[in-house]
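Trainee: Sequence first, predicted coordinates after that:
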Amino acid sequence: MRRVYADLHIHIGRTSAGEPVKITAARDLTFENIARECATRKGIEIAGIVDCGSPAVMADIDRMVEAGEMIELPRGGLRYRDATTVILGCELETVEEDGGASHHVSYFPGREEMRVFVGLLRRLVTNLNLSSQRCRVPARKLMRMALQAGGVFVPAHAFTPHKSPYGSCVRRLTEMFGEEGMAGLAAVELGLSADSFLADRIAELAPLTFLSNSDAHSLPRIAREYNVIEIPSEREGDDENGGPCPTFQDVVWALRRENGRRVAANYGLDPKLGKYHRTFCPACERITPLDPPVVKCDLCGSEKVVKGVLDRIVEIADYPEPRPPAHRPPYRYQVPLQMLPGVGAVSLGKLLNRFGTEMKVLHEARAEELELVVGRKLAEMIMRAREGTLSMRAGGGGRYGKPVTDGADMQLSLGLGQ
Ligand SMILES: [Zn+2]
Ligand SMILES: [Zn+2]
């Protein structure tokens, strides 16, 4: 078995010509820079880019394929420098009949299928060049369109308070997709404020594979959450050297747990670190300290709160404790290197020089080796991040939680925001 790291939710900030795609995302977050970052610094071998439906982005992709910088794989996906397979995705916002809005990502094998899908969207989306645009249909209809075009469909950050199925639309996905529609879902993305332990308290999610993705709006944030995908190592190769390289087909099989592929582990932030973990009152500017579910402010009584993901899950849960199905892989808490106190550009540069990629630093480097590069204190911190033993203070209302040690807050080395 070969284990590859996959982050399937990465946004694009600008096209190579500087046209905006996601206005709130970083300017250097272009298609090409994402592929390079994943290949050379992150060690992410499967990268799902979710703004590929934009015709302006598509023009960038066409240029790279024509220049031979990327190769379209026969089983889907675009191979970059024999290091990273890019999966073309398109995140859109749908609207239910009663007005609830949610985000979903459709993934396609290649440019041709993406063009067919975008063709179906023309009359439903006002500005196709921009990211995560509102598509004037309910989610089940968008799912049918994605499947029709040859893609797969995944509800995004399923529990976040503003734009998600459970967070702002329904108590059950079956209300959105119908019992028969559930088979059309390839997986469910948990989002930064949830994990498998929380999601496995909802019975209808048992058959579905969970994804933990970064939803990155900047290059450093790629792979702050990711998945380990297992593919057989002995098989017909898809890349030009004949060696095995992951394809779109492998990803789909992994999500469906077919043909020896599967998601073997989820790596993510402790949900406490997510910025919507607990209920937040904007009037009091306060994250609730009370036991969940808190659905109104415990200080001023206001019901205009940003409901926490934890509070929402407890509110709608079928079970008081998680009941993971036998196929559920482990969910491991990990703090991304950039969020570790004391890891700045200099120490990160040293680590990458020595070990190659962030995935190698996080998964393979031994404590003694780390210590030689960045000293004992940072080496210990990285080991604790790897083992998930850093303690955290909860986030809420759009503010990230923080690692804490010995009761004292530590400085986050990277600012807040996306
Ligand atoms: Zn979204
Ligand atoms: Zn997104």
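Mentor: That came through fine. Ligands and ions are numbered 1, 2, ... in the order given.
Trainee: For the closest residue to ligand 1 within the stretch 1-150 of the chain, give the beta-bridge partners.
Mentor: Of all residues in the stretch 1-150 of the chain, His103 sits closest to ligand 1, at 3.5 Å by CB to the ion. In short, each C-beta sits where N, CA and C put it, glycine included. In this structure, His103 bridges to Glu93 when assessed by DSSP bridges.
Trainee: Centre-most residue in this protein?
Mentor: Centroid-nearest residue in the chain: Asn213, 1.8 Å away (criterion: CA atoms, centre = their mean).
Trainee: Burial check on the closest residue to Ala206 other than its chain neighbours, number of neighbours?
Mentor: If the residues on either side of it in the chain are set aside, Ala206 comes closest to Pro325, at 4.4 Å by CB to CB, 6 or more residues apart in numbering. Neighbours of Pro325 under the rule other CB atoms under 10 Å: 10.
Trainee: ok, now which ones touch the residue nearest to the centre of the chain?
Mentor: 7-10, 48, 189, 225-227 (CB atoms under 8 Å, 6 or more residues apart in numbering).
Trainee: ok, now Val294?
Mentor: 278-279, 288, 305, 308, 311.
Trainee: so of the residues you listed, which ones are in helices?
Mentor: Per DSSP state H, helices hold the following members of the contacts of Val294: Asp311.
Trainee: what's the closest of the contacts of Asn213 to Gly268?
Mentor: Nearest to Gly268 out of these is Glu225 (CB to CB; 4.0 Å).
Trainee: That closest one and Tyr267 touch, don't they?
Mentor: Yes: under the criterion of CB atoms under 8 Å, Glu225 makes contact with Tyr267 at 6.4 Å.
Trainee: in the stretch 51-200 of the chain, what residue is nearest ligand 2?
Mentor: Glu91 (4.9 Å).
Trainee: Secondary structure element for Glu368, which one?
Mentor: Using DSSP states H and E, Glu368 maps to helix 367-387.
Trainee: Residues contacting that helix, please?
Mentor: Contacts of helix 367-387 (CB under 8 Å, 6+ apart): 334-335, 337, 340-343, 347, 350-351, 354-355, 361-363, 365, 390.
Trainee: Gly268 pairs with what?
Mentor: Tyr333.
Trainee: Tell me who's in contact with Val295.
Mentor: Going by CB under 8 Å, 6+ apart, Val295 touches 279, 303, 305, 307, 311, 315.
Trainee: does the last one count as helix, strand or coil?
Mentor: With DSSP: H, G, I helix; E, B strand; the rest coil as the basis, Glu315 sits in helix.
Trainee: could you list every residue that touches it?
Mentor: For Glu315, the contact set (CB under 8 Å, 6+ apart) comprises 292-293, 295, 307.
Trainee: now it: how far from Arg262?
Mentor: 31 Å (CB to CB, to the nearest Å).
Trainee: same deal with Arg332?
Mentor: Separation of Arg332 from Arg262 (CB to CB): 16 Å.
Trainee: Spell out which residues of the stretch 101-250 of the chain are next to ligand 1.
Mentor: Contact residues, the stretch 101-250 of the chain versus ligand 1 (CB under 5 Å from the ion): 103, 156.
Trainee: from the stretch 101-250 of the chain, which residue is nearest to ligand 2?
Mentor: Asp215 (4.5 Å).
Trainee: In space, what's closest to that residue - neighbours in sequence excluded?
Mentor: Spatial nearest neighbour of Asp215, excluding adjacent residues (CB to CB, 6+ apart): His9 at 4.8 Å.
Trainee: Hmm, the one you found is touching Ala216, no?
Mentor: Yes: here His9 reaches Ala216: they are 7.4 Å apart, a contact under CB under 8 Å.
Trainee: returning to that earlier point: per-residue confidence at the residue nearest to the residue nearest to the centre of the chain when sequence neighbours are not counted?
Mentor: With sequence-adjacent residues excluded and distances taken as CB to CB, 6+ apart, Asn213 is closest to His9, at 3.5 Å. The score at His9 is 98. That number is its pLDDT.
Trainee: what's the answer for Gly397, then?
Mentor: 82.
Trainee: That one: how many residues sit nearby?
Mentor: Neighbours of Gly397 (other CB under 10 Å): 21.
Trainee: Gly375 now?
Mentor: Neighbour tally, Gly375, other CB under 10 Å: 12.
Trainee: Phi, psi for Met176 please.
Mentor: Per-residue torsions, Met176: phi -90, psi -40 (degrees, to the nearest 10).
Trainee: and the contacts of helix 367-387, which are buried?
Mentor: 334-335, 337, 340-341, 343, 347, 351, 355, 361-363, 365, 390 (16 or more other CB atoms under 10 Å).
Trainee: and those as a markdown table, adding secondary structure and pLDDT?
Mentor: Listed next are the buried ones among the contacts of helix 367-387 as a markdown table, based on DSSP: H, G, I helix; E, B strand; the rest coil; pLDDT from 0 to 100:
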| residue | secondary structure | pLDDT |
| --- | --- | --- |
| Gln334 | coil | 87 |
| Val335 | coil | 86 |
| Leu337 | helix | 89 |
| Leu340 | coil | 85 |
| Pro341 | coil | 82 |
| Val343 | coil | 87 |
| Ser347 | helix | 94 |
| Leu351 | helix | 96 |
| Phe355 | helix | 97 |
| Val361 | helix | 96 |
| Leu362 | helix | 94 |
| His363 | helix | 93 |
| Ala365 | coil | 96 |
| Leu390 | coil | 78 |
